[in-house]
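Visitor: Predicted model and sequence below, questions to follow.
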Amino acid sequence: MKRAIFVLFAVGVSAVQAEVLDRPGGLKIGQRMTLRPYVSLDYTYDSNNDQQKDGTAVSSWAVNPGLNLTYNAETWNLTAGVFYRYLAYNKYVRSLNENNYGENVTFNWSSSQGGTKGWSLMLTERYQKICEDDDLTRNNGYGLWRDRQEFNVGAVLQRRFNDRFHGDINASYYYLDYDNDPRRYAALYGWDRWTVGVEAGYAMSKWMDLLVAGSYQGYTQDNGNDLTGYGKSRYSDDSKGWTVHGGFGSYFTERISYRVMTGWSQFEYSDGADDINGWTYSVSGNWKMSDTWNMMLLATSYYQPSEREYGCANRVDSISWGIGHSMIRGKLRAKFDIAYRRETREYSSQGTWDYDEDILSTRFGLDYTINRFLAVYGRLEYQGCWFSDDVGYYDRDYNRLRGTIGFRLTY
């Protein structure tokens, strides 16, 4: 699971920041540092802002200034970003007007060049204040649609002993906090999660590494109190679990990289209230089809406490596929992706909370660079969310379509 977390973190810092193209330019400071300030303004139509069967169609405006930084040294590099986004609704509940803001930092250092003997280190950090009207893919898989704060830190230290043997140790911390205003909506349950792990690999050839990995994690959830009012608090807010995976990865060709891991996970929910276990997996792949085409695949499964219901635990399975194409000498970029996520209720404290959820999201986007400073973009997103019949008390299935057009100024 560790690798999937870092892959998702690397490719999806935020839906807003992902719109900033990595193009030549920027403000050069010396020979190594580049600053890229930007600001964007866009308009969005949302067919179902409430994410329910008969939700309200709304439109909104968003302004998004930000700054990205890169610093490249001989053996290390640093990338960082900070952004702010204000969302304003047209003819809707003005109290939903929201602020988004956040920052992220990634540091990479290596004394091992080209797979030779040596050390490498990656450090990551991210903070975001996210409003409920975030990206339809649930902001890279974390958190339900609700005003919330997220904070991540992670580290991977790798040692290459020679051209065949390598290993690493890793650790991460993730904090999720929901805005539980009882005047506006029902409660959701956030958490603190820490993870530590190790991995070892043996390069059988240039095209294949045999891998084995293990991790241990603990959750402290906002589950010590029953915020629903249905009964007394009887569940511990502490959960823990472990995962052991084996597999392989490296390159099929010079253009195709891959990683396939599978094994067993054990999740001790609420300090032993229920033990959940089963086969889990983590798959990633990237195919640079040509200088203008690129394709990526991600899939993962894991166990976690429920964010929506008190005293419940879920298994999450997700898979996403995307393709991008650069045209007109790189001025026009098109991208399409599709993501499927299934949440299976493995343990439930009440029968009406024993249900499964399926989510399908698709996105299509175009980005056209008019000149070095100005670009226009558009996105079309669809989401379908379906609940199993076991939910009982009401029909929560819904569909949602959202379209966005905007422009961006980048130095």
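Guide: Arrived safely, thanks for sending. These numbers come from a predicted model, not from an experiment.
Visitor: Name the nearest residue to Gly167, sequence neighbours excluded.
Guide: Nearest residue to Gly167, sequence neighbours excluded (Cβ to Cβ, 6 or more residues apart in numbering): Ala200, at 4.3 Å. Using the backbone N, CA and C atoms, a C-beta is placed for each residue, glycine as well.
Visitor: The one you found: how many residues sit nearby?
Guide: Neighbour count for Ala200, taken as other Cβ atoms under 10 Å: 15.
Visitor: Which strands and helices lie in contact with the helix or strand it falls within?
Guide: Assigned by DSSP states H and E, Ala200 belongs to strand 191-205. Packing partners of strand 191-205 (3 or more Cβ pairs under 8 Å, 6 or more residues apart in numbering; DSSP states H and E): helix 2-11, strand 165-178, strand 208-221.
Visitor: what pairs with it, and is each one parallel or antiparallel?
Guide: Strand 191-205 has its sheet partners listed here by DSSP bridges as strand 165-178 (antiparallel), strand 208-221 (antiparallel).
Visitor: looking at these, which is closest to Arg255?
Guide: strand 208-221 (15.9 Å; Cβ to Cβ).
Visitor: Extract the C-alpha set from the closest one and format it as CSV.
Guide: In CSV, the C-alpha atoms belonging to strand 208-221 read as follows (Å, rounded to 0.1, in the frame of the first residue of the first chain):
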residue,chain,number,x,y,z
MET,A,208,12.5,-7.6,-13.8
ASP,A,209,13.0,-7.0,-10.0
LEU,A,210,11.7,-9.6,-7.5
LEU,A,211,10.2,-7.7,-4.6
VAL,A,212,8.9,-8.4,-1.1
ALA,A,213,7.4,-5.8,1.2
GLY,A,214,5.8,-5.5,4.6
SER,A,215,4.1,-2.7,6.5
TYR,A,216,2.4,-2.0,9.9
GLN,A,217,-0.1,0.7,10.5
GLY,A,218,-2.2,2.2,13.2
TYR,A,219,-5.3,4.4,13.1
THR,A,220,-6.7,6.8,15.8
GLN,A,221,-10.2,7.7,14.6
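Visitor: Off-centre distance for it?
Guide: Distance of strand 208-221 from its chain centroid, counting by Cα atoms, centre = their mean, to the nearest Å, is 18 Å.
Visitor: follow-up on the earlier one: for the helices and strands packed on strand 191-205, give me CSV that also has mean pLDDT.
Guide: CSV is the format used below for these (pLDDT from 0 to 100):
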stretch, mean pLDDT
helix 2-11, 35
strand 165-178, 93
strand 208-221, 93
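Visitor: Switch the ones you listed over to JSON lines; also include distance to Lys28.
Guide: Supplementary listing: the helices and strands packed on strand 191-205 in JSON lines, determined by distance: least, Cβ to Cβ, whole Å:
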{"stretch": "helix 2-11", "distance to Lys28": "25"}
{"stretch": "strand 165-178", "distance to Lys28": "34"}
{"stretch": "strand 208-221", "distance to Lys28": "38"}
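Visitor: Distance to Ser301 and mean neighbour count added to those, as JSON lines?
Guide: Converted to JSON lines, the helices and strands packed on strand 191-205 look like this (distance: least, Cβ to Cβ, whole Å; neighbours: other Cβ atoms under 10 Å):
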{"stretch": "helix 2-11", "distance to Ser301": "9", "mean neighbour count": "19"}
{"stretch": "strand 165-178", "distance to Ser301": "17", "mean neighbour count": "18"}
{"stretch": "strand 208-221", "distance to Ser301": "14", "mean neighbour count": "19"}
